[in-house]
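Peer 1: Pasting the sequence and the predicted model now:
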Amino acid sequence: MATAQTIERIEKLIWVLAYGGLILLVLGLATTRLSAVTGWVMVVAGSLIALSGFVLIPVRARMGTADGAQSKPIQTENE
């Protein structure tokens, strides 16, 4: 299983890639008015970066926790 430090790095990387890519995508859309080529390059790059962050979410989910146990669902009093 992965160590706690590896899991923490993956989680941070997911956030940075997802939000950074979305910000670059939006900036690219805004830039297309001034320079179409530059804007679309930014849109494509931002999309790919955000997509890579979103792909890491299921990867992280399959890694489990640092002690090797999978996370357990929270049980309510009604169950």
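Peer 2: That came through, no problem.

Peer 1: What segments of this structure are helices?
Peer 2: Shown for the chain, the helices assigned by DSSP state H span residues 4-31, 36-63.

Peer 1: and the first one, how far from the chain's centre?
Peer 2: If I follow you right, that is helix 4-31. Distance of helix 4-31 from the chain centroid (C-alpha atoms, centre = their mean, to the nearest Å) equals 5 Å.

Peer 1: Tell me what angle that helix forms with helix 36-63.
Peer 2: 160 degrees (axes from the mean of the first three to the mean of the last three C-alpha atoms, to 10 degrees).

Peer 1: Let the chain start at 28 from now.
Peer 2: Noted, 28 is the first residue going forward, which turns the last one into helix 31-58.

Peer 1: in terms of contact count, name the helices or strands touching helix 31-58.
Peer 2: The helices and strands touching helix 31-58, judged by 3 or more C-beta pairs under 8 Å, 6 or more residues apart in numbering; DSSP states H and E, are helix 63-90. From N, CA and C alone the C-beta is placed, and that goes for glycine too.

Peer 1: Mind giving me the packing neighbours of the helix it packs on?
Peer 2: On a contact count with 3+ C-beta pairs under 8 Å, 6+ apart, helix 63-90 meets helix 31-58.

Peer 1: give the contact list for residue 59.
Peer 2: Each residue near residue 59 by C-beta atoms under 8 Å, 6 or more residues apart in numbering is listed here: 66, 67, 70.

Peer 1: Equivalent analysis for residue 53, please.
Peer 2: Counting by C-beta under 8 Å, 6+ apart, residue 53 touches residue 73.
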